[in-house]
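> structural data only, the sequence is not supplied:
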Ligand code: AMP
Ligand code: MG
């Protein structure tokens, strides 16, 4: 791993060297941990990350219950029954789901019971209603039903003391059902990271306004906000701000008061209007500036106290690439999620050669046509539509000159299905 280099103002000097992707990821690994916990109502916990395991304090179900509509009896008394010689029982009452029953089923007796109702004392099985015929207070059973048949046992779903969900679980809708079934009214989850997205650039118009003259619309904040949401964060967009050192400084200082991570889009490189790297160095620590990755080489990583700051190049494709490689893992780690890509990997053959340069990682947008991987011809960092036309991307490691036609490569699909 490369040591972090001391920071000098790099403006107009270019990058002297670039940190390897591996070294940046190792730094994130070392320096970024899970946020604190909060205790919330399980009903609003879908998609949240469990901070601690949940143990069932009571069994589910908490009582033996009927799994069928029918008659609760003593099972051994039904043995030998068939439709030619049904066995008669005296009906002593009826048990409904949700009601406490005082009925006691004695020898030769049966209680009418509905699915979900507690098995009455004395009974040990439920004869299906289809295997019975009622005649006044007598029910005739035509099917042998051994003890325990059609009975849901206490604790058969969840035993008392069982770990029902472990820490780190991203809660699914059915998990909320389960938390409710064990009677929990609070659940401890990891706090959602607040992701400040500071967008900079003199040329930018706010998203949602048709660009005019020589200005362009901010494409990065909608994209970054959606990425942060997807990764469990709460985005807070600030800007677009002009390339004004003081304006950007006060936005950074402000954001650092309430956010858990700062993403700064634009002005991350070494030009005269690129203020972010110098500001982070001045206000905190600029640990990385310039990464050996295309198309996100002007990316950076720093810290303001414990708060990570990711410098994202303004070019939308570079911005996406830098989010995918550096910001995404940080947001997910903060929120207690697995840091790996939430993209679906699939190994497929290359339809054409995929070229790269030794010494840097390449983030190559590709489409998948008839099960073969087609590198997208237009791959400039400013061509955002290359990411919307792409099905996903292939990562070419730094030590490879690319992949030949026919080679098997892993495509990371932007969509989970399809
Ligand atoms: P910068 O990283 O500030 O040097 O910007 C690099 C390129 O990306 C320039 O052409 C900018 O106009 C463009 N750019 C910067 N920020 C954005 C943004 N938020 N949305 C779209 N394009 C941007
Ligand atoms: Mg700029």
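Arrived safely. Every value quoted in this text rests on a predicted model; they were computed, and no experiment measured them. Ligands and ions are numbered 1, 2, ... in the order given.

> state the number of residues packed around residue 248.
Residue 248 is flanked by 23 other residues according to other C-beta atoms under 10 Å. Glycine gets a C-beta too; all of them are placed from N, C-alpha and C.

> what sits closest to it if chain neighbours are left out?
Leaving out its chain neighbours, the residue that sits closest to residue 248 by C-beta to C-beta, 6 or more residues apart in numbering is residue 275, at 5.2 Å.

> the one you found contacts residue 243, doesn't it?
Yes. Between residue 275 and residue 243 there is a contact at 6.5 Å, judged by C-beta atoms under 8 Å.

> got any residues that touch both of those two?
Common contacts of residue 275 and residue 243, defined by C-beta atoms under 8 Å, 6 or more residues apart in numbering, comprise 200, 267.

> among those two, which residue is more densely surrounded?
Applying other C-beta under 10 Å to residue 275 and residue 243 shows that residue 275 carries more neighbours, namely 25 against 20.

> which pLDDT does the model give that one?
Residue 275 carries a pLDDT value of 97.

> start at 41, not 1
Done: numbering now begins at 41, and the last item shifts to residue 315.

> check contacts around it.
240, 283-285, 288-289, 307.

> filter those residues down to the ones close to ligand 1.
Among these, the ones lying near ligand 1 by C-beta under 6 Å from any ligand atom are residue 307.

> can you put the contacts of residue 315 in TSV and add distance to residue 368, pLDDT and secondary structure?
Formatted as TSV, the contacts of residue 315 follow (distance: C-beta to C-beta, whole Å; pLDDT from 0 to 100; DSSP: H, G, I helix; E, B strand; the rest coil):
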residue	distance to residue 368	pLDDT	secondary structure
240	20	98	strand
283	26	97	coil
284	29	98	coil
285	28	98	helix
288	23	98	helix
289	26	98	helix
307	21	97	coil
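
> write a PyMOL command that selects only the buried members of the contacts of residue 315.
Those of these that count as buried under 16 or more other C-beta atoms under 10 Å are selected in PyMOL with:
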select buried, resi 240+283+288+289+307
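
> quick check, nearest of the contacts of residue 315 to ligand 2?
Distance to ligand 2 across the contacts of residue 315 (C-beta to the ion) is lowest for residue 307, with 4.8 Å.

> that closest one against residue 239, yeah?
No. Taking C-beta under 8 Å as the contact criterion, residue 307 and residue 239 are not neighbours in contact, 9.8 Å apart.

> can you classify the closest residue to ligand 1 within the stretch 91-240 of the chain as helix, strand or coil?
Of the stretch 91-240 of the chain, the residue with the smallest distance to ligand 1, taken as C-beta to the nearest ligand atom, is residue 239 at 5.1 Å. Assigned with DSSP: H, G, I helix; E, B strand; the rest coil, residue 239 falls in the strand class.

> tell me who's in contact with it.
Counting by C-beta under 8 Å, 6+ apart, residue 239 touches 258, 260-261, 277-281, 305-306.

> how much space between the residue nearest to residue 288 and residue 362?
Counting by C-beta to C-beta, to the nearest Å, the gap from residue 315 to residue 362 is 17 Å.

> from what I can see residue 279 touches residue 261, true?
Yes. Using C-beta under 8 Å, residue 279 makes contact with residue 261 at a distance of 7.2 Å.

> and for these two, which residues touch both?
Jointly contacting residue 279 and residue 261 under the rule C-beta under 8 Å, 6+ apart are 237, 239.

> and the two? which has more neighbours close in?
residue 261 (24 against 21).

> any idea of the pLDDT on the more buried one?
For residue 261, the model assigns a pLDDT of 97.

> same check on residue 91?
On the pLDDT scale, residue 91 gets 97.

> how about the residue in the stretch 341-458 of the chain that ligand 1 sits nearest to: what's its closest non-neighbour residue?
With C-beta to the nearest ligand atom, the shortest gap between the stretch 341-458 of the chain and ligand 1 falls at residue 354, namely 2.3 Å. Spatial nearest neighbour of residue 354, excluding adjacent residues (C-beta to C-beta, 6+ apart): residue 306 at 3.4 Å.

> please, where are all the strands along the stretch 41-190 of the chain?
77-80, 94-95, 105-106, 110-113, 127-135, 149-153, 165-168, 172-175, 178-181 (DSSP state E, counting those that start in this stretch).

> residues of the longest one that come out buried?
The one in question is strand 127-135. So, applying 16+ other C-beta under 10 Å, buried residues of strand 127-135: 127, 129, 131-135.

> same question, the last one
If you call a residue buried by 16+ other C-beta under 10 Å, then strand 178-181 has these buried ones: 179-181.

> quickly list what the residue of the stretch 91-240 of the chain closest to ligand 1 is bridged to.
residue 305 (DSSP bridges).

> for it, give its distance to residue 279.
Taken as C-beta to C-beta, the span from residue 239 to residue 279 is 4 Å.

> what is in contact with those two at once?
258, 261.

> now residue 126. Nearest residue, chain neighbours left out?
residue 180 (3.7 Å).

> quick one, what contacts that neighbour?
126-129, 172-174.

> where's residue 387, which helix or strand?
Using DSSP states H and E, residue 387 maps to strand 384-389.

> neighbouring contacts of that strand?
Strand 384-389 is contacted by residues 408, 411-413, 432, 446-453, 455-457 when judged by C-beta under 8 Å, 6+ apart.

> brilliant, that's me finished.
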